[in-house]
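S.K.: Everything below, folded, please.
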Amino acid sequence: MSTTSSSLAPQTSPISYDDSRRATELLSHVARVFDQRIVGQQALRTALVSSLLAGGHVLLESVPGLAKTTAAQTLASSITGSFHRIQCTPDLMPNDIVGTQIYNQATGEFSTQLGPVHANLVLLDEINRSSAKTQSAMLEAMQEKQTSIGGEMYPLPKPFMVLATQNPIEEEGTYVLPEAQMDRFLMKEVLTYPAPDEEVDILERINNGSMTAPLTAAPISIGDVEFLQQLVQKVYVDTSIKQYIVAIINTSRGGGPRPLPNLNQHVRVGASPRGGIALMRIAQALAVQAGRSYVVPDDVKALRHSVLRHRIVRTYDALANNVAPEALVDAVFAAVPSP
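M.R.: Numbering: from 1, shown residues only. Below is the predicted model of the structure:
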């Protein structure tokens with residue numbers, strides 16, 4: 001790095017010492033819940049907690065059995081808010097998740113029944129199994145933070161976070177999420193298989209019943225989550241860091257200070273301004289987790305794959321030649337000098 005991290009720090013910290021200590025304590029509570037339920041998967045933990053702090057939604061992708069659902073339920077267990085799980089199927093209708101109006105014969109009036117999307121944490125299991133109409137209703141709720149039932153608006157609870165899962169190996173009877181709609185997810189985390197020693201640990205925990213034992217760590221409150229989210233927004237982002245993020249996003253579109261030659265052979269559409277906002281928000285969330293009140297370039301780089309892999313649309317050539325989106329993200333970051 002050409003400048004020291006101290007030059008990226010503000011003259012006076014925007015976060016007090018007491019607030020920083022409280023944040024560390026709250027995050028350690030969440031970590032203890034994860035330790036009891038999840039073996040390994042450190043990248044997944046970081047992605048889920050960072051998204052919660054940044055106030056975004058996560059798309060989890062992996063083959064079956066890699067603890068996608070367990071991780072989502074664990075995150076829900078670490079906070080005291082409401083949690084609903086929606087199992088997506090082709091016949092799931094928008095009203096099934098948003099809510100509907102029910103006619104009461106006794107009173108002769110309609111009453112509104114809110115759907116399962118009205119919760120602090122919503123797990124959308126196998127989102128690609130639901131129809132395009134249902135996906136649109138869910139993505140609208142994610143974006144607008146409200147639902148419309150019978151012409152009336154119903155705000156969603158705060159905080160509100162969606163964890164959607166999808167299985168990439170079974171394409172029969174699925175409705176692939178369009179690239180434009182994927183952009184609404186702050187992050188897309190792709191899970192990998194655990195190491196052999198971690199798999200042994202999983203078997204031992206299943207055998208001794210510790211996976212299903214009551215949680216010993218106390219969950220944090222909804223108020224605590226809102227405090228952490230407000231703290232993330234206070235994290236200082238230097239102008240040079242903002243320029244660095246914009247240069248990365250522009251490089252993904254074929255521009256930037258050092259354009260990548262022949263990028264258009266692999267990339268059809270680069271990241272949108274929403275991608276830049278996501279990079280900054282996640283960097284701020286990582287700074288809070290590191291106990292810092294300002295962002296450094298490593299915060300921007302740390303979760304680059306999760307933030308950008310679903311925002312870069314590859315060409316048919318890139319798809320045919322199996323060019324991974326992560327490799328393209330790495331090439332973009334390598335071309336842009338750190339501040």
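
S.K.: just the helices in the chain please.
M.R.: 17-37, 42-54, 68-77, 94-98, 132-144, 179-182, 196-208, 222-234, 239-252, 273-289, 297-302, 304-308, 316-320, 325-335 (DSSP state H).

S.K.: can those go into TSV with extra columns for mean pLDDT?
M.R.: TSV is the format used below for the helices of the chain (pLDDT from 0 to 100):
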stretch	mean pLDDT
helix 17-37	88
helix 42-54	90
helix 68-77	82
helix 94-98	87
helix 132-144	85
helix 179-182	74
helix 196-208	86
helix 222-234	92
helix 239-252	94
helix 273-289	94
helix 297-302	94
helix 304-308	94
helix 316-320	91
helix 325-335	93
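
S.K.: Of those helices, flag the one that's most buried.
M.R.: helix 304-308 (a mean of 24; mean count of other C-beta atoms under 10 Å). Just so you know, the C-beta spots here come from the backbone N, C-alpha and C atoms, and that holds for glycine as well.

S.K.: Show me the contact partners of that helix.
M.R.: For helix 304-308, the surrounding residues in contact (C-beta atoms under 8 Å, 6 or more residues apart in numbering) are 43, 47, 186-190, 252, 271, 275, 278-279, 282, 325-326, 329-330, 332-333.

S.K.: Run the chain-centre distance for it.
M.R.: 10 Å (C-alpha atoms, centre = their mean, to the nearest Å).

S.K.: one step back: adding distance to residue 263, write the helices of the chain out as TSV.
M.R.: Converted to TSV, the helices of the chain look like this (distance: least, C-beta to C-beta, whole Å):
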stretch	distance to residue 263
helix 17-37	38
helix 42-54	26
helix 68-77	32
helix 94-98	39
helix 132-144	29
helix 179-182	17
helix 196-208	37
helix 222-234	32
helix 239-252	8
helix 273-289	15
helix 297-302	19
helix 304-308	14
helix 316-320	10
helix 325-335	8
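
S.K.: nearest to residue 158, of these?
M.R.: helix 222-234 (6.9 Å; C-beta to C-beta).

S.K.: Residue 41 against residue 193, yeah?
M.R.: No: with contacts defined as C-beta atoms under 8 Å, residue 41 does not count as touching residue 193, sitting 10.2 Å away.

S.K.: Show me which of these two is the more surrounded one.
M.R.: Shown here are residue 41 and residue 193; by other C-beta atoms under 10 Å, residue 41 has more neighbours (21 against 12).

S.K.: do you know how far the more buried one is from residue 151?
M.R.: Plainly put, residue 41 is 43 Å away from residue 151 if you go by C-beta to C-beta, to the nearest Å.

S.K.: still on that earlier bit, can you tell which of the helices of the chain is closest to residue 159?
M.R.: Here helix 222-234 is closest among the helices of the chain (C-beta to C-beta), at 5.2 Å.

S.K.: What is the closest one packed up against?
M.R.: helix 17-37, helix 42-54, helix 273-289 (3 or more C-beta pairs under 8 Å, 6 or more residues apart in numbering; DSSP states H and E).

S.K.: Tabulate those (CSV), appending distance to residue 337.
M.R.: Converted to CSV, the helices and strands packed on helix 222-234 look like this (distance: least, C-beta to C-beta, whole Å):
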stretch, distance to residue 337
helix 17-37, 30
helix 42-54, 25
helix 273-289, 16
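
S.K.: For residue 176, which of the ones you listed is the nearest?
M.R.: helix 273-289 (20.2 Å).

S.K.: which helices and strands does that closest one pack with?
M.R.: Helix 273-289 packs on helix 17-37, helix 42-54, helix 222-234, helix 239-252, helix 297-302, helix 304-308, going by 3+ C-beta pairs under 8 Å, 6+ apart.

S.K.: Using a markdown table, lay out the ones you listed together with distance to residue 95.
M.R.: Formatted as a markdown table, the helices and strands packed on helix 273-289 follow (distance: least, C-beta to C-beta, whole Å):
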| stretch | distance to residue 95 |
| --- | --- |
| helix 17-37 | 33 |
| helix 42-54 | 27 |
| helix 222-234 | 27 |
| helix 239-252 | 38 |
| helix 297-302 | 40 |
| helix 304-308 | 32 |
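
S.K.: if we compare the ones you listed, which one ends up closest to residue 204?
M.R.: Checked against C-beta to C-beta, the stretch from the helices and strands packed on helix 273-289 lying closest is helix 17-37, at 13.7 Å.

S.K.: so how far is that closest one off the chain centroid?
M.R.: 19 Å.

S.K.: repeat for stretch 80-97
M.R.: Counting by C-alpha atoms, centre = their mean, stretch 80-97 comes out at 18 Å from the chain centroid.

S.K.: How about that stretch, which residues are buried there?
M.R.: 80, 81, 83, 84, 85, 86, 88, 92, 94, 96, 97 (16 or more other C-beta atoms under 10 Å).

S.K.: Turn those into TSV, columns for distance to residue 321.
M.R.: As requested, the buried residues of stretch 80-97 are exported to TSV (distance: C-beta to C-beta, whole Å):
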residue	distance to residue 321
80	48
81	44
83	42
84	41
85	38
86	37
88	32
92	36
94	38
96	41
97	38
